[in-house]
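The following comprises the amino acid sequence and a computationally predicted model.
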Amino acid sequence: MRISFDVDDTLVCRQPGALTERDRLGVRRRLTEPLRRGARGLIQELHRRGCSVWIYTSSLRSPFHIRLWLLLHGIRVDGIVNEDRHRHELARRNFTQLPSKYPPAFGIDLHVDDSEGVRLEAQQHGFRVVIVRPEDNDWTQKVLAALAERRAA
């Protein structure tokens, strides 16, 4: 099972009062973006369950930058789709309007995002997404429940 995560407002939550992971590697917060609390444990659990974990972001952050950021938080991922890779891959497909995300193009079975627009695109284009809000403190349980539901389907 391949699962992907959006970055902004999904793994990085900058809202006042947002809960973030402790800085366990001694990296100053100003050198890296804050990681949402629970992300490290969730991704480790997904790997333990045999999932391939990807990042799928509409930002222009480079794959190197994303990998480094996650490694500084003790996380490894199996693949990264940024805006450049997304546009390059989807240019070969016949969309009348290019969706902001299209996980099936990368073999992704379940995508985790905060965007209502991505939820609507999932309905329109037939892919699975679980929506988690920045203020949602039990977001990891939502992801695990969606994974269980996807595996049962």
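Ah, there it is.

remind me, longest helix of this structure?
Longest helix in the chain, counting residues (DSSP state H): helix 139-152.

Need the phi and psi values for the closest residue to residue 7 other than its chain neighbours.
Of all residues not flanking residue 7 in the chain, residue 57 sits nearest, at 4.2 Å (Cβ to Cβ, 6 or more residues apart in numbering). Every residue, glycine included, has its C-beta placed from N, CA and C. With angles defined as degrees, to the nearest 10, residue 57 shows backbone torsions of phi -130, psi 150.

show me the contacts for residue 57.
6, 7, 8, 66, 80, 81, 82, 83 (Cβ atoms under 8 Å, 6 or more residues apart in numbering).

Among these, which lie within strands?
If you go by DSSP state E, the contacts of residue 57 have 80, 81 in strands.

TSV for the contacts of residue 57, including pLDDT, neighbour count and distance to residue 44?
Output for the contacts of residue 57, formatted as TSV (pLDDT from 0 to 100; neighbours: other Cβ atoms under 10 Å; distance: Cβ to Cβ, whole Å):
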residue	pLDDT	neighbour count	distance to residue 44
6	98	24	19
7	97	22	18
8	96	17	22
66	95	20	18
80	98	21	18
81	98	23	21
82	98	19	23
83	97	13	27
